[in-house]
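>>> need coordinates for the below:
(chains A and B)
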Amino acid sequence: MKPIVKSAAPTFSRNMTYGLILYVILCSLLSFRADAAEADLKPGDTIGPHNWERVKGMVGDNLLDRIKQGYSFKIKEPTRYDVPREYAEATRKYSGKVRLGADGELLNYVAGRPFPQIEPRDPQAGQKVAWNFYWRWRGDDYKAGGGTEIGKVIRYAIEKDGSERRADFVAYFLFPRTRVTLDPKPVIPGYEHIDSLQLRIDSYPRDSSGTATFEIRYADPKRPDDLYLYIPSLRRIRRATTTQRCQTLAPSEFNLDDINFFNGKITDFNYRLLGEKKALTNYTQKNVPYQRKQGDYLPIDEMWEIQDVYVLEITPKDPSYCTPKKILWIDKVAYEATWGMTWDRKGDYWKELALFRIPAKLPDGQVAWQEGTGYIVNVQNGRSSVLTTTRLYNQGFSPSLFTLDTMLRIMRGGTI
Amino acid sequence: MRFRRMISFLDNLLIIFLMAAPAQAYSILGEEWEKFFKERVTFAGFIENTTGLSVAAGDSKFSTSNRFIMNRFVIQPEFNFDFDERVKLFISWRFVKEPRYNKEAKDRRRNSPSLQPLDNTFYDEDSFKPWEMVWDVHPIDRLSLRIGRQFISWGETDGLRLLDVINPQDGTFSPPAAANLFSLDETRIPLWGLRASYRLVPASNTALEFIAMPGYDGRKKRVDESAPTAGRWAPHPETRIPLGRLFANPIGAAPVVIPSISREFPDAGDNWRLGGRVIHSIGKLNFGLGYIWGFNPQPGDLTFKLLGTSLGPGGTTIARLRLFNDRTSIFAGHFNYPLEELKTALKGEIALYPSKPFNISKYPGSPGLKAGPDPRHPDGITEKNTLRYSLGFDRPTYIPFLQPEDPWRVFNFSFQIFQSIIFDHEDGIRAFSTAEKIKQVSTSLTFRVSTGYFGDTVLPDVFVGYDPEGYWLANPAITYVPPWNEKMRLSLIAALYGGRNKFKSFGSFDEKDSIFLKMRYQF
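The predicted structure is shown next:
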């Protein structure tokens, strides 16, 4: 057999070369076609079942199916925005020394964007995009829910049959060691070892109101998060483990790592930059929360816009993890995720996340972006969740807010 | 009287509904008030009905029925006032209507000596006194003060109480350790007091806490005084104490002992409670160390001193008893620690009672009597250092084949062990109310598992307790939350008890197995 293979090798190699050339030409044509489709889209265009091909590859597969089935929307002008100047300044000041360690950990990082330049051919480009996503600008602190009329995050859990349940909560975040705006900068003394602190408090319905979680994420990549739970009917704090990252946070379709599109420890995963593309999203959501039909998670009366994104593939290092692959489409300016797609262990499409954004006026008058309304849909069981999570940035939260003692003074109703 | 009570109850309802409609009220107060109510005031609460059916209809050993055949209606309106960043107010009222039960009245009349039926409003709550009224004030960043009628809870345990003894437990809720039936939120009694905490080092969660409850709540004894441990804070609201079997009949002809109780001030609801603790984290370990001085926490721990006996009516004997340990002091500790490798959270509590008093008797007593006076302890009291502790393990676990629709919805498993150790133990140390001996080491185990199905619209929760001496309880519950309305909950709950001796731990309610239907609407 060997000689035959050997003698056939040149012919096969030549054929393969021709095939490759043909393949490259076809791919180029196809990619040109896709780019042409993207380029064809212009403000005022209406997308619907009659022309769904025009947005193929620019939205998640589930939304594409919904478009085929009748969902339609208009295209609008893309929003122009930039990161706040303090963040850009910190990036200029500190990014030069930032390096990746042997296990993908971040070394010499202080504040700002760790890797302002992404070279797609860099084998570590995926890891760098992941770190840029992790340390994207989110203010030095923020209150999630602060921007809605009622001052709460509003979440609807929607069943397959369209029935809905509502829940409200607020969440306070502090990033104590990467501060660029609020004093002390860049780190609050004593907090050098903590990446973020999060206090989340339910406020509706009544029985869950006052329930709170307090989560500490440590800078040490090997140290799991600390998670405490306050149960108002017991008036007590419970410790919880954070190692079951895949557990469903029912009745929503999120799990611990789905929060903010991807909430895993960066060093627990591998990353591959699959490329760059144009995607549909919305940075100037019209209504907050967006209007939708009862029982459906998709917006009505909202227009979509084209933005440039990185396509990042995330695969777990732990083979027993619930999903073998997650893909994020990450906005190239803000490094905010606009789309997230997850596959289950059988390789079937599982969950799809999409999020709109709205402008956020900062206390110093600058205008940045904030989360608006988004959804997660489990395409396998048909359930979905819709969240409106607007934010108030740089509120100057005291570190003493983020303590176990604070949990003990949370009132029924969720005020602290 | 009955009519007046009903009018009062309806008045309360009317006022609740008026308060529940601030939109109408504030619109006439002007723009500023309107803005205040809209932005700073929230209103919530619940309406609940609990219906219980006794599977085993009563127990001849108890002189009255219990409340396992019940129908309880509760309305609890709650207001939050968010005045500014430094001052908040929470206020709630609790109104309860629970009729007296005919069987209860019959059983009391049949008792010997005969007892008057309980008042028809015995179980009601119709006072305008706030159930909770808490001012939360932050004069400076790290200091917070909570002033008002409130709950204060220390510790880590679930279902059974160890350090959670600062607020008294409402003894009129009969089922013990039925965590799925009445939550601690409902069975504890709030007290007026102050909780001050100072966050010493926020980064390590280091905080100092001081509590003081001066006992402004008046006494509220709601049952006849002939029951030694009866009262709002007693383990048994009715006369169930088998005193006669313990002492009968020292001097009289009839085999009956009528206990005559003196419970001197301070009493359960009207005495001081003081405490302090420090909370701190070292690495993954979070812990607290402190001290509590106050009312004797657990009704089952009450100790009575026998002052003497005298001849009563009809040849009966009157035993004169005085509550001995209305005060107690506890050195307290609690901790939690995540065992990441085992995906388990470890939790623990420890309570050291120095010189804790116990009743002690000689077993058996004179011929025919279960026990009699112990010659070594003429007053029937001995004091022993006592240690109680608990260890718990909480583990969220995937069981995909039991969750085919959502294999990543965890089952929350919780296992706890409780032990009580009496140092320098003596034979004859006993619980007063049941006259059962207490061993040097007593152990209880609890296990709980809960999860959710169909997007958490169906929520099973099973709480099981076991005493290695042969007693057990099972408290399974299943709750339905309609997928179309987050405000409604419907629960079916069973409370099952077993054991050869119904006067011990979980066996106290043997033959009282019951099921309950609980309907709750939140607003």
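>>> going by C-alpha atoms from here, please, whenever you check contacts or count neighbours.
OK.
>>> in the stretch 251-400 of chain A, which spans are strands?
In the stretch 251-400 of chain A, the strands defined using DSSP state E, counting those that start in this stretch lie at A:269-281, A:303-316, A:325-331, A:337-343, A:349-361, A:367-378, A:384-388, A:391-393.
>>> what angle sits between the second one and strand A:269-281?
Yep, that's strand A:303-316 we're talking about. Strand A:303-316 runs at 170 degrees relative to strand A:269-281, counting by axes from the mean of the first three to the mean of the last three Cα atoms, to 10 degrees.
>>> same deal with the third one?
When the same axes, to 10 degrees is applied, the directions of strand A:325-331 and strand A:269-281 differ by 50 degrees.
>>> what residues sit buried inside strand A:325-331?
Within strand A:325-331, the residues that count as buried by 16 or more other Cα atoms under 10 Å in any protein chain shown are A:K325, A:K326, A:I327, A:L328, A:W329, A:I330, A:D331.
>>> didn't the last one look like it was pressed against A:L355?
Right, the one you point to is A:D331. No: with contact defined as Cα atoms under 8 Å, A:D331 does not count as touching A:L355 (11.6 Å).
>>> identify the contacts common to the two.
Shared contacts of A:D331 and A:L355 (Cα atoms under 8 Å, 6 or more residues apart in numbering or on different chains): A:A337, A:T338.
>>> closest point of the stretch 151-300 of chain B to chain A, which residue?
Nearest residue of the stretch 151-300 of chain B to chain A: B:D185, at 4.7 Å (Cα to the nearest Cα).
>>> tally up the residues packed near the closest residue to that residue other than its chain neighbours, please.
Here the nearest residue to B:D185 in space, its sequence neighbours aside, is A:S233; by Cα to Cα, 6 or more residues apart in numbering or on different chains that works out to 4.7 Å. Using other Cα atoms under 10 Å in any protein chain shown, A:S233 is surrounded by 17 other residues.
>>> quick one: contacts for B:P190?
B:P190 makes contact with B:W131, B:E132, B:R149, B:Q150, B:F151, B:N167, B:P168 under the criterion Cα under 8 Å, 6+ apart.
>>> so how far is chain A from the second one?
It refers to B:E132. Taking Cα to the nearest Cα, to the nearest Å as the measure, B:E132 falls 10 Å from chain A.
>>> need the contact list for that residue.
Counting by Cα under 8 Å, 6+ apart, B:E132 has contacts B:F90, B:I91, B:S92, B:W93, B:G148, B:R149, B:Q150, B:P190.
>>> what's the closest of those to chain A?
For the contacts of B:E132, the nearest to chain A is B:F90 (6.9 Å; Cα to the nearest Cα).
>>> quick one: that closest one is in a helix?
No: assessed with DSSP: H, G, I helix; E, B strand; the rest coil, B:F90 is strand; it does not lie in a helix.
>>> confirm for me that it is in contact with B:W135.
Yes: the pair formed by B:F90 and B:W135 meets the contact definition of Cα under 8 Å, at 6.6 Å.
>>> between these two, which is the more surrounded one?
Legend: neighbour count by other Cα under 10 Å for B:F90 and B:W135, higher for B:F90 (24 against 19).
>>> the bottom helix or strand of chain A by mean pLDDT?
For chain A, counting by mean pLDDT, DSSP states H and E, helix A:2-40 ranks last in confidence among helices and strands (a mean of 44).
>>> and the residue of the stretch 1-150 of chain A at minimum distance from chain B, how far is that from A:D65?
Distances between the stretch 1-150 of chain A and chain B by Cα to the nearest Cα are smallest at A:I150, namely 7.7 Å. From A:I150 across to A:D65, the span is 34 Å (Cα to Cα, to the nearest Å).
>>> just A:L174 next, same as before
For A:L174, the distance to A:D65 - Cα to Cα - is 39 Å.
>>> burial measure for A:D318, as a count.
A:D318 has 11 neighbouring residues, counting by other Cα under 10 Å.
>>> mind listing what it touches?
By Cα under 8 Å, 6+ apart, the neighbours of A:D318 are A:D268, A:F269.
>>> might one say that A:T388 is in contact with A:P289?
Yes: with contacts counted by Cα under 8 Å, A:T388 reaches A:P289, the gap being 5.7 Å.
>>> shared neighbours of those two, anything?
A:T148, A:G372, A:T373.
>>> so the first one lies in a helix, does it not?
Read it as A:T148. No: A:T148: not assigned to a helix; according to three-state DSSP it is coil.
>>> check contacts around the residue nearest to it when sequence neighbours are not counted.
Of all residues not flanking A:T148 in the chain, A:T390 sits nearest, at 6.2 Å (Cα to Cα, 6+ apart). By Cα under 8 Å, 6+ apart, the contact set of A:T390 is A:A144, A:G145, A:G146, A:G147, A:T148, A:V153, A:Q370, A:E371, A:G372, A:T373.
>>> having no further points to raise, I will conclude here.
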